[in-house]
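no sequence for this one, just the structure:
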């Protein structure tokens, strides 16, 4: 008993300290642990959500990259097809144009030939006429002294007829 | 300096000692801090919330490492013991804590200290020890069941070997009251005596290293009490033991 007194142990004080500590535990649980635990759990879940979002974003990025590559490949393929098609179309057009030009030039050549032939014929006729006139004049000049007028007319007529036949043939 | 706390006055027969006043001051500081933290709990913690989270996280992680799922029941007790003891011990290190004098009809010319470290009162340390042991046993009943709890102390397997082991366990449990209470009380009370002696020899310079030592003791004793409580709670709530 003496040692208990020496240490100042007293039931009332002991009970006060015991109850006081339990009250502190209750207050800490109510005001510190509960809100902090709630907040820590929320933070933990947010971090987990953020990590999940980051993972999803990474997957989405990979998918987008894959999609981009596919689109690029498609676009390249389409572009190649289009280029080939355009090239073929251009070749065809060129061939057609060349063909058309050839035909056109042949036509022009043909027309020119016809025109030249017609011109040549006309010229022949003109030359013939001129020749007949000239021949007539030369003959009348040469024969005027040798033949009578009547004979002269007959000879000229026969000569002109011959010349005309030659020219026509 | 006497071992027992000084009685300042009485209220309806209840003695108000200087350690009781210090205990109430400790309560006020803890409750104020708890309310301050709870009022400003955010996802981006401030310095106070950060400190509270650091303490709680440390004990929660330690409890999870040793007790697994039972950690959620264990760590609140450990944190409560730690906070109460560390605040009480650190308040006693505030300069001038014991310098405030209180005069009573029996105190004489010098009066008595109005405040004294709460943990230098055996009533408090014993109350903490009893709270720790009772909480441990309550958790043991909760997690191992009445049968598991009783067979921890009384069993007739391999009679009388395990009965004797159970008896030793019982003695061990009773020894916890003494080990918990006297370890804390002895360290803090001895620290106060050392500090008093050093201030008596030379109040300038000489006490500085001892202040540092007492700050360490204040922290270490709080951690030791909390850790031992946690370890005992883990052992008593584990069905394997």
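Thanks, I have it. Only a predicted model underlies this, so the values are computations on that prediction, with no experimental measurement involved.

phi and psi next, for the residue most central in space within chain B.
In chain B, the C-alpha nearest the mean C-alpha coordinate belongs to residue B:85, at 4.3 Å (Cα atoms, centre = their mean). Dihedral pair for residue B:85: phi -70, psi -40, per degrees, to the nearest 10.

which helices and strands does the worst-scoring helix or strand of chain A on mean pLDDT pack with?
Every helix and strand of chain A was ranked by mean pLDDT, DSSP states H and E. The lowest is helix A:149-168, at a mean of 77. The contact analysis (3 or more Cβ pairs under 8 Å, 6 or more residues apart in numbering or on different chains; DSSP states H and E) places helix A:149-168 against helix A:34-143. Every C-beta, even on glycine, is put in place using the N, C-alpha and C of the backbone.

could you report the neighbour count for residue B:169?
16 (other Cβ atoms under 10 Å in any protein chain shown).

ok, and the closest non-adjacent residue to it?
Nearest non-adjacent residue to residue B:169, counting by Cβ to Cβ, 6 or more residues apart in numbering or on different chains: residue B:153, 5.5 Å away.

pretty sure that neighbour contacts residue B:170?
Yes. With contact defined as Cβ atoms under 8 Å, residue B:153 counts as touching residue B:170 (5.2 Å).

before we move on, back to that, what's the pLDDT at the nearest residue to the residue nearest to the centre of chain B once chain neighbours are set aside?
Distances taken as Cβ to Cβ, 6+ apart place residue B:222 nearest to residue B:85, at 3.9 Å, with adjacent residues excluded. The model reports residue B:222 with a pLDDT of 97.

the one helix or strand residue B:222 maps to packs against which elements?
Applying DSSP states H and E as the criterion places residue B:222 in helix B:207-237. Judged by 3+ Cβ pairs under 8 Å, 6+ apart, helix B:207-237 is in contact with helix B:47-67, helix B:71-92, helix B:122-151, helix B:161-201.

which one of those lies closest to residue A:36?
Minimum separation from residue A:36 across these (Cβ to Cβ) falls at helix B:47-67, 5.9 Å.

contacting residues around the residue of chain A found nearest chain B?
Residue of chain A nearest chain B, by Cβ to the nearest Cβ: residue A:8 (2.4 Å). Neighbouring residues of residue A:8 by Cβ atoms under 8 Å, 6 or more residues apart in numbering or on different chains: B:2, B:3, B:4, B:5, B:17, B:121, B:122, B:123.

from those residues, which are also near chain A?
B:2, B:3, B:4, B:5, B:17, B:121, B:122, B:123 (Cβ under 8 Å from any Cβ of the partner chain).

of the residues you listed, just the buried ones, ChimeraX syntax please.
Remark: buried members of those, expressed as a ChimeraX selection using 16 or more other Cβ atoms under 10 Å in any protein chain shown:
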select /B:4,5,17,121,122,123
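
dump the ones next to chain A among the contacts of residue A:8 into TSV; add pLDDT and distance to residue B:204 as well.
Formatted as TSV, those follow (pLDDT from 0 to 100; distance: Cβ to Cβ, whole Å):
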residue	pLDDT	distance to residue B:204
B:2	85	27
B:3	90	29
B:4	90	31
B:5	92	29
B:17	94	31
B:121	95	30
B:122	95	33
B:123	96	35
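
now do the SS call for the closest residue to chain A within chain B.
Residue nearest to chain A within chain B: residue B:4 (2.4 Å; Cβ to the nearest Cβ). Following DSSP: H, G, I helix; E, B strand; the rest coil, residue B:4 is assigned to coil.

what's the closest non-adjacent residue to it?
Once flanking residues are discounted, residue B:4 sits nearest to residue A:8: 2.4 Å by Cβ to Cβ, 6+ apart.

looking at this, the one you found is in a helix?
No. Checked against three-state DSSP, residue A:8 lies outside a helix; its state is coil.

from residue B:189, how far off is it?
Per Cβ to Cβ, to the nearest Å, residue A:8 is found 11 Å from residue B:189.

common neighbours of these two, please.
Common neighbours of residue A:8 and residue B:189, counting by Cβ under 8 Å, 6+ apart, are residue B:3.

where does the chain dip in pLDDT?
Using chain A here. The model of chain A has pLDDT under 70 over residues A:167-169.

oops, I was thinking of chain B
Low-confidence segments of chain B, defined by pLDDT under 70, span residues B:1, B:240-241.

run the last query once more with 50
Along chain B, segments meeting pLDDT under 50 span B:241.

nearest to residue A:143, of the contacts of residue A:8?
residue B:121 (180.2 Å).

in what helix or strand does the closest residue to that closest one other than its chain neighbours lie?
Nearest residue to residue B:121, sequence neighbours excluded (Cβ to Cβ, 6+ apart): residue B:19, at 3.6 Å. Taking DSSP H and E as the definition, residue B:19 sits inside helix B:18-39.

roughly how far out does that helix sit from the chain middle?
Distance of helix B:18-39 from its chain centroid, counting by Cα atoms, centre = their mean, to the nearest Å, is 14 Å.

perfect, I'm done here.
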